[in-house]
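Visitor: Sequence and predicted structure below; questions after.
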Amino acid sequence: MKKLQQLYISEWQWFKSYNLRIFLVMTLVFFAVAAASHIYLIGHPELAEEKVMEIVKALMEKLPVLEGGFKLFIAIFLNNFFVATLSMLAGLIPFLFIPVWAVMINALAMGIISSYVYIKGLNLFALLIFGIAPHGIFEIPAFLYAGSLGVLLSLNVLRLITNVNTMGDSSWGQPISSAKNPEDSFMFLLKRVFRTWLLIIIPLLLLAAAIETFITPQLIQSMLGGQSLF
């Protein structure tokens with residue numbers, strides 16, 4: 001237990017030193033895109049309905065929503081696991097900063113759903129509190145964390161290619177332009193990213209999937225009070 005505690009303390013210290021600023025920027029991007037899409041789609045209700053139906057159709061095809069139970073839990077976890085992991089690993093592709101786009105797509109989905117709920121005249125605040133927040137407080141940070149790690153990788157791949165510390169500040173990512181310190185190497189960064197993936201992202205996604213499977217549906221039904229969302 002003490003060793004595990006030390007691992008998480010070390011993880012927190014590394015996060016504060018090298019990834020916190022990127023994480024905060026990604027969080028700002030996420031909520032800005034979600035809010036902007038929500039506001040835009042409120043003025044375009046037909047488009048909001050079209051897009052939310054596309055989301056529902058995609059989820060029905062990928063997840064055994066009607067079956068529920070442990071099978072749904074595994075499906076939700078694996079879906080989110082692959083999305084988060086690919087978002088993180090996409091940072092190894094130079095110049096494109098794909099993890100930023102992945103975060104924006106998730107934010108857009110949030111804006112689509114919230115705008116549709118608002119257009120339907122349902123209680124948006126209740127949806128956020130009962131339908132999204134219980135699992136979202138774990139799921140959203142997991143996606144943002146994975147995205148920020150992807151951006152961290154992108155910055156350092158760019159530095160490897162250009163041999164320049166592009167941001168001039170270690171708080172924007174691991175400085176690898178000087179390899180005298182083992183902790184400045186790209187391989188060290190990859191090991192730290194992998195450890196974060198194991199210690200932070202996977203546990204958050206497991207918690208989120210469990211809540212989304214076994215708790216969120218009951219909360220949504222209670223909130224709707226017999227009404228139909230679609």
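Guide: Here it is on my side, so go on. For clarity, every value in this text was computed on a predicted model and none was experimentally measured.
Visitor: Quick check: closest non-adjacent residue to residue 213.
Guide: Nearest residue to residue 213 in three dimensions, chain neighbours excluded: residue 73, at 4.1 Å (CB to CB, 6 or more residues apart in numbering). In short, each C-beta sits where N, CA and C put it, glycine included.
Visitor: I should have written residue 38 there, sorry.
Guide: Nearest non-adjacent residue to residue 38, counting by CB to CB, 6+ apart: residue 111, 4.2 Å away.
Visitor: Just the buried residues of the helix or strand hosting residue 144, please?
Guide: Residue 144 is located in helix 133-162, with elements delineated by DSSP states H and E. By 16 or more other CB atoms under 10 Å, the buried positions in helix 133-162 come out as 134-136, 138-159.
Visitor: for stretch 117-135, same thing?
Guide: Applying 16+ other CB under 10 Å to stretch 117-135 flags 117-120, 122, 124, 127, 130-132, 134-135 as buried.
Visitor: do stretch 96-103 as well
Guide: Result for stretch 96-103 [16+ other CB under 10 Å]: buried residues 97-100, 102-103.
Visitor: Which of those residues fall in helices?
Guide: Here DSSP state H is the test, and those give 98-100, 102-103 as lying in helices.
Visitor: pLDDT below threshold where in this structure?
Guide: Counting by pLDDT under 70, the ranges of the chain that qualify are 164-184, 223-230.
Visitor: For it, which residue occupies the most central location?
Guide: residue 143 (1.5 Å; CA atoms, centre = their mean).
Visitor: dump the residue contacts of that one.
Guide: 80, 83-84, 87, 102-103, 106 (CB atoms under 8 Å, 6 or more residues apart in numbering).
Visitor: at 7 Å instead, please
Guide: Residue 143 makes contact with 84, 87, 103, 106 under the criterion CB atoms under 7 Å, 6 or more residues apart in numbering.
Visitor: mind listing the helices for the protein?
Guide: Counting by DSSP H, the helices of the chain are 2-18, 20-42, 45-62, 69-89, 98-119, 124-126, 133-162, 186-196, 202-214, 216-224.
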